[in-house]
Each structure stands twice: as C-alpha cells, then as structure tokens.
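*Asks:* Take this sequence and fold it.
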Amino acid sequence: KGFNVSSCYIDKNGKMYFGGGIELAKISFMATEEKSYFSIENSMNWFKLRVGLGYRLLQKNKFIIRFKTYGSISMISSYPENMVEAPYSNYNSGVAAAVLGLGFDIHFITLDIEYERGFFNAVNMVSGTETDFYKMMVGFKF
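*Replies:* A predicted model of the protein is given here:
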C-alpha cells in the first residue's frame, strides 16, 4: 500500500524531462507466505523523496511510452519495535536507491512500472538488507 505524489516538467518539443515527487509506503514488517494485498499487520512505514530524469520514447496521438531514471532517498518513519519474532531492531534512518521505470500514458490515465534498488543496508551493520521494490502505479493526469 502506498501513496505517491509526483510532478514533472515536460517540454512539448523535447524528449527528456525533469521529474520528482514524494511517496508514502506502508509494508508488512515481517514477510509471510500468505498473500494479503489489502491488510497489513505490524507495518513499516516509509517516506521517500524522488528526483530524476524521464525520457519520452514514443508518442502517437494520446499514447505515450516513457522511461525514467530516478534517485530516491527513503526514510523509515516507523516500524514495530516490540516484536519478539523480529530479527533486527537497529534500522538506519535513511537509505538511498536508484529507480528504473517504464510508463504508459493513455489520454489522462497513466500506468508506471518501477524497480527500485537500494544502495545501503536498511538494518545497521547487517549486509544483505538492502531494499528492493517492484511497484506498479496507476494514476490520472490533470
């Protein structure tokens, strides 16, 4: 679950644009084999600042295909601290990541698919705790 607010400046004649935004995300703190897409127990909350460049690959009338490369600073705003089964409790307050994405605009509807790869460990001094996110977002342009 999450909420994303993005904005970008697009030069009508150019193919490259500057973009950025904020993202609020809520994920399950502990991974489980059960897939529950609409309820989250023991949540971890993230606040992300994102900025980068986008590229218009194709434009045909009201259909646009975009590619973007963003940098992201993610800050963990909360996590459950008193869980007995939690393997770690010393989280870094912020981590950096790179984002690659592909977007499609059809009239006023926009669809984005992204991969975000973290550079640093989310857990202090524990290797292998870098963040990886796959995201799909649907939105409306106005």
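
*Asks:* I'd like to know the average pLDDT value across stretch 74-88.
*Replies:* What stretch 74-88 shows for mean pLDDT is 68.

*Asks:* Quick one: name whatever helix or strand follows the helix or strand bottoming out on mean pLDDT in the chain.
*Replies:* When each helix and strand of the chain is scored by mean pLDDT, DSSP states H and E, strand 2-10 comes last, with a mean of 55. Using DSSP states H and E, the helix or strand that follows strand 2-10 towards the C-terminus is strand 16-28.

*Asks:* list the buried ones in the helix or strand that comes right after that following strand?
*Replies:* Next along the chain after strand 16-28, taking DSSP H and E as the criterion, comes strand 43-60. Within strand 43-60, the residues scored as buried using 16 or more other C-beta atoms under 10 Å are 44-46, 48, 50, 52, 54, 56. Quick note: C-beta positions are derived from backbone N, CA and C, even for glycine.

*Asks:* How about stretch 133-142?
*Replies:* For stretch 133-142, by 16+ other C-beta under 10 Å, it's residue 133.

*Asks:* In CSV, list the C-alpha atoms belonging to that stretch.
*Replies:* Provided in CSV are the C-alpha atoms of stretch 133-142 (Å, rounded to 0.1, in the frame of the first residue of the first chain):
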residue,chain,number,x,y,z
PHE,A,133,10.9,-2.8,-4.5
TYR,A,134,8.9,-3.7,-7.6
LYS,A,135,6.0,-1.3,-8.0
MET,A,136,3.0,-0.8,-10.3
MET,A,137,1.2,2.5,-10.1
VAL,A,138,-2.0,3.7,-11.8
GLY,A,139,-2.8,7.4,-11.8
PHE,A,140,-4.6,10.3,-13.5
LYS,A,141,-3.1,13.3,-15.1
PHE,A,142,-4.7,16.7,-14.6
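
*Asks:* Residues contacting that stretch, please?
*Replies:* With contact meaning C-beta atoms under 8 Å, 6 or more residues apart in numbering, stretch 133-142 is reached by 2, 4, 6, 25, 97, 105, 108-116.
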